[in-house]
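>>> need coordinates for the following:
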Amino acid sequence: MDALAHDMIFAAVSHLPHMIAYTLVNAVADMEEASGADVISYSAGGFKDFTRIASSSPEMWSDICAMNRAEILKAIDGFTGRLGRLRALIEKGDQGNLRAEFERAKGIRDSLVKGALRGEKE
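Reported below is the predicted structural model:
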């Protein structure tokens, strides 16, 4: 794999998830601070599973961001665009297209788990 492909791929499948996990933890902490409500202690399996990687080394991840800045920024832009579309569907109450978004993601995730995305055997 050449360096450009590596940087793009890992910005998407490794670096972006870390950025999202760090941001989610901080966003929930901000909600807690702003509301005065005890929010984080109600975290269950989903939040804990999703944010596990936010326990990764801040020093290492700040270095990775410095070294792969351009591709990480592209990945963040793609993610925020996708999140914005999801927000718009929720705001409009567009249940059909919202369900289609969830079904697409579920299908891709299920294929990943089964190993079908790269032609792996079950």
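
>>> tell me the buried residues in stretch 87-102?
Neighbour-count burial for stretch 87-102 flags 89, 98 (criterion: 16 or more other C-beta atoms under 10 Å). Any C-beta I mention is one placed from the backbone N, CA and C, and that applies to glycine too.

>>> pull the CA atoms of that stretch into PDB?
Output of stretch 87-102 as PDB, limited to C-alpha atoms (Å, rounded to 0.1, in the frame of the first residue of the first chain):
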ATOM      1  CA  ARG A  87     -29.700  15.900  11.800                       C
ATOM      2  CA  ALA A  88     -31.800  17.400   9.000                       C
ATOM      3  CA  LEU A  89     -33.700  14.100   8.600                       C
ATOM      4  CA  ILE A  90     -34.500  14.100  12.400                       C
ATOM      5  CA  GLU A  91     -35.400  17.700  12.300                       C
ATOM      6  CA  LYS A  92     -37.800  17.200   9.400                       C
ATOM      7  CA  GLY A  93     -39.300  14.000  11.000                       C
ATOM      8  CA  ASP A  94     -38.300  12.100   7.800                       C
ATOM      9  CA  GLN A  95     -38.700   8.600   9.300                       C
ATOM     10  CA  GLY A  96     -38.400   6.800   5.900                       C
ATOM     11  CA  ASN A  97     -35.100   8.300   5.000                       C
ATOM     12  CA  LEU A  98     -33.800   8.100   8.500                       C
ATOM     13  CA  ARG A  99     -34.600   4.400   8.600                       C
ATOM     14  CA  ALA A 100     -32.900   4.000   5.200                       C
ATOM     15  CA  GLU A 101     -29.700   5.700   6.700                       C
ATOM     16  CA  PHE A 102     -29.800   3.300   9.600                       C
END
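
>>> what is the mean pLDDT for it?
The average pLDDT within stretch 87-102 is 98.

>>> kindly report the same for stretch 69-84.
Rounded mean pLDDT across stretch 69-84 is 98.

>>> stretch 7-25 now?
In the prediction, stretch 7-25 has an average pLDDT of 98.
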